[in-house]
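A.B. asks: Coordinates for the following, if possible.
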Amino acid sequence: MALYPEVRADVDQAAGALAFDDPRFDIEASRALARRTAAASPRQDVAEVRDLDVGGVPCRLYRPADALPGVVVHVHGGGFVFHDLEVHDAPCRRLANAAGVAVLSVDYRLAPEHRFPAAVEDVDAVVAWLGDAAATQGLDGPAYVHGDSAGANLALGAALRHPGRFAAVGLVYPFLDPTCSSPSYAEAEHGGFEPEQAAWFWQQYADPADHDHPDLAPLLSPHLATLPPTMVVTAEHDPLRDEGEELARRAAEAGVEVVASRQLGQAHGFWRRLEDFTAAEPVLCQVAAFFRLHHDGAPTAALAGGGAPRD
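C.D. replies: Residues are numbered from 1 along each chain as shown. Okay, the predicted model is just below:
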């Protein structure tokens, strides 16, 4: 199936942009542009929005009105190189309102300034903080973990390193394979996110010697069976599509409760751009509903320690 018209128009508009691996490409300028673009996006009101220092990691807490107990730990995408609390502010507000629970957005350290495992360590610091401070912050109750793209990689890794900690996992087009070798990388139409770009992100983040480390490549983890109920959403025209769907298959074969879907006509990056792509809001609401579905009967250990981290 072809790209949907809104996606095709976006690809056409971005045609001719400077490639990431061009010597003239400016990472800091690109980060600043993303923040300016996000600042112009409409934002829903949330009852409470507060910046926190969480175990030394900057985070932003969103608490909706009449919030249910618990918290969604949100880990943003951006290829481990781009995005931050500001870029993901609008979708985090909508996720908090849709899920009816607090959302804690994690501003982990970015590559290439901070390479693997810096981002992993930051997410783990947030998980540890929740175990110690949830009750005092009004965040006791079930915890969920959510991420898109590189954030989905980090969210999945957190669930694997802390079995029993999370009641559910929500992953949108997860970035999982540093070898970039799944069949979807070879398809002709990628919706603007080319295989060379994916490889560039991995080069910024990690050394080839780490490519088989399960904290970098969670598909290689021997502990997939420990995952809680997991939702995986992929995009049809995305080089990452097959690695996300392979994760869903492997987790289901390991006995995990898995819900997986492919968004037809969509390309990588659609989820965050709620005003640009019609699939974005429904997918956000589906993930929120998945978390709410697993609210009742969630493990009481979700925020109270719930299992030692894996080595």
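
A.B. asks: all helices for this protein, in order.
C.D. replies: For the chain, the helices defined by DSSP state H cover 5-14, 27-39, 89-99, 118-133, 150-161, 195-205, 241-253, 280-293.

A.B. asks: quick one: which of those is nearest residue 225?
C.D. replies: For the helices of the chain, the distance to residue 225 is smallest for helix 241-253, at 8.0 Å, taking CB to CB. From N, CA and C alone the C-beta is placed, and that goes for glycine too.

A.B. asks: Can you check what angle separates the closest one from helix 150-161?
C.D. replies: Here helix 241-253 runs at an angle of 20 degrees relative to helix 150-161 (axes from the mean of the first three to the mean of the last three CA atoms, to 10 degrees).

A.B. asks: tell me the mean pLDDT over stretch 133-146?
C.D. replies: Mean per-residue pLDDT for stretch 133-146: 91.

A.B. asks: Could you list the residues in contact with it?
C.D. replies: Contacts to stretch 133-146, defined as CB atoms under 8 Å, 6 or more residues apart in numbering, come from residues 61, 63, 68-75, 95, 99, 101-102, 104, 130, 155, 158-159, 165-171, 287, 291, 294-295, 298-299, 302-304.

A.B. asks: returning to what we had before: out of the helices of the chain, nearest to residue 228?
C.D. replies: Nearest of those (CB to CB): helix 150-161, 6.8 Å.

A.B. asks: Take that closest one, keep the C-alpha atoms, and write them as CSV.
C.D. replies: Only the C-alpha atoms of helix 150-161 are listed here, as CSV (Å, rounded to 0.1, in the frame of the first residue of the first chain):
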residue,chain,number,x,y,z
ALA,A,150,14.7,5.1,20.5
GLY,A,151,12.5,5.8,23.6
ALA,A,152,10.8,2.5,23.0
ASN,A,153,14.1,0.8,23.0
LEU,A,154,14.9,2.3,26.4
ALA,A,155,11.4,1.6,27.7
LEU,A,156,11.6,-2.0,26.7
GLY,A,157,15.1,-2.3,28.2
ALA,A,158,13.8,-0.9,31.5
ALA,A,159,11.0,-3.4,31.6
LEU,A,160,13.4,-6.3,31.0
ARG,A,161,15.9,-5.1,33.6
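
A.B. asks: Which elements pack onto it?
C.D. replies: For helix 150-161, the elements it packs on are strand 71-75, helix 118-133, strand 143-148, strand 168-172, judged by 3 or more CB pairs under 8 Å, 6 or more residues apart in numbering; DSSP states H and E.

A.B. asks: Go through those and name the closest to residue 187.
C.D. replies: Among the helices and strands packed on helix 150-161, if distance is taken as CB to CB, the winner is strand 168-172, at 19.5 Å.

A.B. asks: and the closest residue in space to residue 163 that isn't next to it in sequence, how many neighbours?
C.D. replies: Excluding the flanking residues, the one nearest residue 163 by CB to CB, 6 or more residues apart in numbering is residue 226, at 3.8 Å. Look at residue 226: counted by other CB atoms under 10 Å, it has 19 neighbours.

A.B. asks: so what pLDDT did residue 18 get?
C.D. replies: 89.

A.B. asks: Next, the contact list for it, please.
C.D. replies: Taking CB under 8 Å, 6+ apart, we find residue 18 in contact with 24, 25.

A.B. asks: same check, this time on residue 115
C.D. replies: 204, 205, 206, 207 are the contacts of residue 115 under CB under 8 Å, 6+ apart.

A.B. asks: among those, who's most crowded?
C.D. replies: Of these, with other CB under 10 Å as the count, residue 205 tops at 25 neighbours.

A.B. asks: Identify the residues contacting it.
C.D. replies: Applying CB under 8 Å, 6+ apart, the residues near residue 205 are 79, 80, 81, 111, 112, 115, 116, 119, 150, 216.

A.B. asks: Nice, that's everything, thank you.
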